[in-house]
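In: turn this into a structure:
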Amino acid sequence: MKKFFATILLAVAGHMTVSAQHHVWDIVAGVKGGVDFGNFTTLKGDPTFSPHLAGTLGIYFSDKWGMNMEIGYKHYGTKDVYMSPEIITLNYPTMSASDIMFNAGNYDYSVSYVDVSYFAKYYVTNGLNLYGGFKMGRIINANSKHNGIETSLRKKHLKTAAFSFPVGVEYEMNNVTFDLRYEYNIQKLASSMVAHRMLGSAHAHGLTFTVGYLFQLI
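Out: Have a look, this model is predicted:
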């Protein structure tokens, strides 16, 4: 899947002949939308696709360097994580046999954040930039689903804040941007013993592909 997104971005960049033109101290704002391809480390589940929305504000210090702030919505998830009766028994030694059989099976997990990111951008060529930065996020929703029953995880069981160091590549053509990004949350998801039994030492990570539009403010 990483190769899929990379192929898309390289194909776009390879066929664009008109790139963005910016001047020193130009300030731009914009919106972007796309898709998150996320998963949780250590859990043997299937990754999920979800929408990604964000607003951006950027400034250009030179023809090579710029800075960008972004406020957005991000979702991580994994599905069909199998919890065997043996694992349930190990984690909950006092649970009855009937409850063990009910709780065993496949689980889906999802976590949604509102986050603020700060990026430094380096323009390799006119329009094509590489960037890296720091992201601070806060959980707005988190749940697990098993046997059709959805359980909230946010308030008691997960760390409400998330921090990561995203890196990516972006291409600007006139006012349109194409962006491919990877990020890995440096914190484990679980904060309570209950969540640790379900999620272990899992971290959220994922790829994001977006298309955006920029408006020059100054």
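In: looking at this protein, which helix or strand is least sure?
Out: helix 2-15 (a mean of 47; mean pLDDT, DSSP states H and E).
In: quick one: strands adjacent to the helix or strand that that one is followed by?
Out: Proceeding N to C from helix 2-15, the next assigned helix or strand is strand 27-40, under DSSP states H and E. Sheet pairing here is set by DSSP bridges, and for strand 27-40 it gives strand 46-60 (antiparallel), strand 204-216 (antiparallel).
In: got the ones you listed as JSON lines, with distance to residue 79 and mean neighbour count columns?
Out: All C-beta spots, glycine's among them, are computed from the backbone N, C-alpha and C. Output for the strands paired with strand 27-40, formatted as JSON lines (distance: least, CB to CB, whole Å; neighbours: other CB atoms under 10 Å):
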{"stretch": "strand 46-60", "distance to residue 79": "5", "mean neighbour count": "17"}
{"stretch": "strand 204-216", "distance to residue 79": "14", "mean neighbour count": "18"}
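In: possible to save the ones you listed as CSV with distance to residue 70?
Out: Converted to CSV, those look like this (distance: least, CB to CB, whole Å):
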stretch, distance to residue 70
strand 46-60, 5
strand 204-216, 10
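In: could I get the ones you listed as CSV with distance to residue 113 and mean pLDDT?
Out: As requested, the strands paired with strand 27-40 are exported to CSV (distance: least, CB to CB, whole Å; pLDDT from 0 to 100):
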stretch, distance to residue 113, mean pLDDT
strand 46-60, 11, 92
strand 204-216, 9, 93
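In: residue 95: which of those strands is closest?
Out: Ranking the strands paired with strand 27-40 by their distance to residue 95 (criterion: CB to CB) puts strand 46-60 first, at 26.7 Å.
In: pLDDT (mean, whole number) over the helix or strand just after that closest one?
Out: Tracing the chain C-terminally past strand 46-60 and defining elements by DSSP H and E, one meets strand 65-83 next. The pLDDT scores in strand 65-83 average 91.
In: list the buried residues of strand 65-83.
Out: For strand 65-83, a neighbour-count test (16 or more other CB atoms under 10 Å) marks 66, 68, 70, 72-79, 81, 83 as buried.
In: let me know the closest of those residues to residue 185.
Out: For those, the minimum distance to residue 185 (CB to CB) is 8.0 Å, reached by residue 76.
In: how about the closest one, what does it touch?
Out: 36, 38-40, 48, 110-113, 185, 204-206 (CB atoms under 8 Å, 6 or more residues apart in numbering).
In: so what strands line up beside the longest strand along the chain?
Out: Of all segments of type strand in the chain, defined using DSSP state E, the longest is strand 105-125. Sheet pairing for strand 105-125, assigned by DSSP bridges, gives strand 65-83 (antiparallel), strand 128-146 (antiparallel).
In: turn these into TSV, including distance to residue 215.
Out: Output for the strands paired with strand 105-125, formatted as TSV (distance: least, CB to CB, whole Å):
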stretch	distance to residue 215
strand 65-83	14
strand 128-146	18
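In: residue 101: which of those strands is closest?
Out: Set against residue 101 and scored by CB to CB, those come closest in strand 65-83, at 11.4 Å.
In: buried sites along the helix or strand that that closest one is followed by?
Out: Per DSSP H and E, the first helix or strand lying C-terminal to strand 65-83 is helix 85-91. Buried residues in helix 85-91, counted by 16+ other CB under 10 Å: 88, 91.
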